[in-house]
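Engineer: Predicted coordinates and the sequence they were generated for:
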Protein chains: 2
Amino acid sequence: RPAYGFSPSQVLVLGFALIIFLGGFLLSTPVASRSGLGTRFLDALFTSTSAVCVTGLVVVDTHDNFSLLGQLVIITLIQVGGLGFMTMATLIYLLMGKKINLKERLLMQEALNSMSVQGVVRLARHVLFATFLIEGIGGVILSLRFIPEMGLAKGIYYGFFHAISAFCNAGFDLFGGFRGITGYVEDPVVTLTISTLIILGGLGFTVIAETYRFREIKRFSLHTRLVWLMTIALVIIGSVSVFLLELNNPKTLGILSWSGKLLASYFQGVTPRTAGYNTLAILDLRPATQFFMVILMFIGASPGSTGGGIKTTTLATLLAAVWSMRNGKIDVGIMERRIPPDNVYKAIGIAVLSGLLVMMVTMLLTISENANFLALLFEATSAFGTVGLTMGLTPNLSDFGRILIALTMFAGRVGPLTLAVALNNGEPSKIRYPEERVMVG
Amino acid sequence: RPAYGFSPSQVLVLGFALIIFLGGFLLSTPVASRSGLGTRFLDALFTSTSAVCVTGLVVVDTHDNFSLLGQLVIITLIQVGGLGFMTMATLIYLLMGKKINLKERLLMQEALNSMSVQGVVRLARHVLFATFLIEGIGGVILSLRFIPEMGLAKGIYYGFFHAISAFCNAGFDLFGGFRGITGYVEDPVVTLTISTLIILGGLGFTVIAETYRFREIKRFSLHTRLVWLMTIALVIIGSVSVFLLELNNPKTLGILSWSGKLLASYFQGVTPRTAGYNTLAILDLRPATQFFMVILMFIGASPGSTGGGIKTTTLATLLAAVWSMRNGKIDVGIMERRIPPDNVYKAIGIAVLSGLLVMMVTMLLTISENANFLALLFEATSAFGTVGLTMGLTPNLSDFGRILIALTMFAGRVGPLTLAVALNNGEPSKIRYPEERVMVG
Ligand SMILES: [K+]
Ligand SMILES: [K+]
């Protein structure tokens, strides 16, 4: 099965690295920069990494630093990174399913049909079609909003650029001055269109496919039901928390109209997982809100999506393990299904190793950067979760910090998936050791 | 088995609460205070909570605020809290073992003999004997060190007060001005005696018992082997990290002699789990070191010991789960033993719920207190882990903050253990749901 001796996850890692370097080279050229003087290679490489890994952290402002050509390179990198990852990840999960559990594969096939080479091509075509359809609709809506303000050509360009960037959870914007889309904080069309694109992009392709074909397949897989439950729950918890914490903050919600307060709370509740767009300035939020966002960013979106983080299903699996024990059950049960132990252990593996990565990166940043701790923790988590929100640190990072954050974005993008694969080589071991309990707690 | 309708863990929680209020009342009286004016009840209650929960966070300095009588009340609360918890926890673990696994109980009995009422009394006597023996030896050594400096009576008093406080991992000291034992940073007798007491207190009684009787029982249980491995590993990792991070810090290791640098690194490597004594000023450490200590404080000591945190064995179980998957095994194996799934799930439960608690407390502190984020995260973790280290925040806490930190100390002391019991009511459920996998990562 491996093409030319590479496994699918090796293809993913190497392919991404190659595209990133190619993008970095293109973005460093003089014609890609607005000034015509070119962009420092390290910064171009950082931008390319951020685009391919659909993160949105930027050391130079996308509008102010890059020419139209440069911006087109960036949106192409975003589209290739987002689409490529979604397709590859879906493929890898399906192959994993094939290896381990025939029934699961069959369940997937309800949405995707056969897994031959023909099937892979069909999968890619489905992913492409769904992506372009959703981005197209979003792009048209945003264009209709932007054309009166900016004129025809620029309005269409801005509409589609931001629709693609939103669905890919990339967080790149063209409004200049590192301001993000704070100018549209009270605008329902921009806010609601972009947040819908963000949520759809964060579901993962199999969930979109199953949802789209619900009438045919009649019932959802456990995975799809968990993804929807966690997505809705996290959006509600996020929005309500932002609303309550920021209501009286004169720098954020305090100055907005009531509809603005609601829109901004909702948008900031959606964006930490893992869009990277913001309509409120992150630095002006209260520390409690910023810390809360760190937690949401660490959780992230769903597997096989354009979003990052440890993933909603990983958290759900861990919570199900806690809850099952609480209810006096030995099995990890949720929604009338039993999650097998090795699936739970894989969730532990991803959560523990991701936590260690974020802590290590944060520690290194405390040594290399001169900023307050929360800003550093925020930056490290944002990079790991490929979120792209920042408390303003990114443009001021030292060169060491830039390299570290770029590597973290890359690890955050391909890490959890390749971990999920690596933690899965499992034929049951030949030797079975005697059981013995340990006291915990 | 439950006495008067209370389960052992209810007895533990209610008994601790009762002793805390009694202690708070005694400490608030005028005769307990140095000035003769009494201590504010909230502050007395905070002190009592900190003593009974063997934490060591103080809002008023133990030496400067309390009379000899007050100090004697405090050391009594520490001894009752430390001993009481160790005995109750060991008892609870043994009862749990009885319910679930006869073989494990038998293994414990190798160290403890029968579990009848007679057995419980014998257990308590063993715990008492071991505690007084260890504290006695430590007290004599420290007295011999302090008598030349302070005279006979005060030297003996200081020797035994700090030996008890160290073995109970309580972190209370009598050196005044919130300075801790920073005055003895280069003193090998004080540093090494106290750190040895801290480590012994953090092992848990069954480990001490098994280790003491090794010649008789010939082999250690998995639990004892894991505790020793993790304790030694964490002490080495902690000491080396402090040494490397602080070596050139002119406020901490920088000004010390080479033997002082080594002693101070070792001591600060030992103390975050979960002693609370410090020979370097925590506030002067680099942020990287402070953050590293947060991680160590969260991990804490071993089950059924005087220390807190999620416990070494909880972390070991999670790491074993990760590692087993990495090696392509379906079972969680470590040291040629297999840890059963429900034991692993319990470890997840304790880690996840503890993490949530620390995050929630930190968020509340960001709202109620005016201090930098790392100091708040440090304080919340120190309270949860019943550690007692602080970046100087404790005496400056608002009243809300004092109540919150007191509650966190209490939750950190009795929480993980009662969780371990609650998560354990498990008869396998009657209904077994069909198995279904979810994608994670
Ligand atoms: K992003
Ligand atoms: K302590």
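Structural biologist: Received the coordinates, thanks. Ligands and ions are numbered 1, 2, ... in the order given.

Engineer: contacts, neighbours, all on C-alpha from now
Structural biologist: Fine.

Engineer: Next, count neighbours for residue A:251.
Structural biologist: Residue A:251 has 15 neighbouring residues, counting by other Cα atoms under 10 Å in any protein chain shown.

Engineer: That one and residue A:392: what is the separation?
Structural biologist: For residue A:251, the distance to residue A:392 equals 16 Å [Cα to Cα, to the nearest Å].

Engineer: Check residue A:434 too.
Structural biologist: With Cα to Cα as the criterion, residue A:434 and residue A:392 are 54 Å apart.

Engineer: Any part of stretch A:258-277 near chain B?
Structural biologist: No: using Cα under 8 Å from any Cα of the partner chain, stretch A:258-277 stays clear of chain B, with a minimum separation of 14.2 Å.

Engineer: Which positions in that stretch come out as buried?
Structural biologist: A:260-277 (16 or more other Cα atoms under 10 Å in any protein chain shown).

Engineer: Smallest gap between the stretch 51-200 of chain A and ligand 1, at which residue?
Structural biologist: Among the residues of the stretch 51-200 of chain A, residue A:55 lies closest to ligand 1, at 3.6 Å counting by Cα to the ion.

Engineer: tell me the SS of the residue nearest to that residue when sequence neighbours are not counted?
Structural biologist: Residue nearest to residue A:55 in three dimensions, not counting chain neighbours: residue A:386, with 4.1 Å by Cα to Cα, 6 or more residues apart in numbering or on different chains. Assigned by DSSP: H, G, I helix; E, B strand; the rest coil, the conformation of residue A:386 is coil.

Engineer: give me every residue that touches residue A:386.
Structural biologist: A:50, A:53, A:54, A:55, A:56, A:274, A:307, A:308, A:309, A:409, A:412, A:413 (Cα atoms under 8 Å, 6 or more residues apart in numbering or on different chains).

Engineer: got the residues of the stretch 1-150 of chain A near ligand 1?
Structural biologist: Contact residues (Cα under 5 Å from the ion) of the stretch 1-150 of chain A with ligand 1: residue A:55.

Engineer: that older thread, give me the subset of the buried residues of stretch A:258-277 that lies in strands.
Structural biologist: Using DSSP state E, no member of the buried residues of stretch A:258-277 sits in strands.

Engineer: among the residues you listed, which are in reach of ligand 1?
Structural biologist: Applying Cα under 5 Å from the ion to those, those adjacent to ligand 1 are A:275, A:276.

Engineer: Narrow the buried residues of stretch A:258-277 to those in helices?
Structural biologist: A:260, A:261, A:262, A:263, A:264, A:265, A:266, A:267, A:268, A:269, A:270 (DSSP state H).

Engineer: Just give me the closest of the residues you listed to ligand 2.
Structural biologist: residue A:269 (37.8 Å).

Engineer: Would you confirm that that closest one contacts residue A:239?
Structural biologist: Yes: Residue A:269 is within contact range of residue A:239, at 4.0 Å (criterion: Cα atoms under 8 Å).

Engineer: ok, and for stretch A:18-37, which residues are buried?
Structural biologist: So stretch A:18-37, judged by 16+ other Cα under 10 Å, has buried residues A:19-21, A:23-34.

Engineer: Can you get me the start-to-end distance on that stretch?
Structural biologist: First-to-last residue span, stretch A:18-37, Cα to Cα: 25 Å.

Engineer: so how far is that stretch off the chain centroid?
Structural biologist: In this view, stretch A:18-37 has its centroid 24 Å away from the chain centroid, taken as Cα atoms, centre = their mean, to the nearest Å.

Engineer: Stretch A:342-353 now?
Structural biologist: The mean C-alpha position of stretch A:342-353 is separated from the chain mean by 19 Å, Cα atoms, centre = their mean.

Engineer: export the ones in helices among the buried residues of stretch A:258-277 to CSV and tack on pLDDT and distance to ligand 2?
Structural biologist: Listed next are these as CSV, based on pLDDT from 0 to 100; distance: Cα to the ion, whole Å:
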residue, pLDDT, distance to ligand 2
A:260, 91, 48
A:261, 92, 44
A:262, 93, 45
A:263, 93, 46
A:264, 93, 43
A:265, 94, 40
A:266, 94, 42
A:267, 93, 43
A:268, 92, 39
A:269, 91, 38
A:270, 92, 40
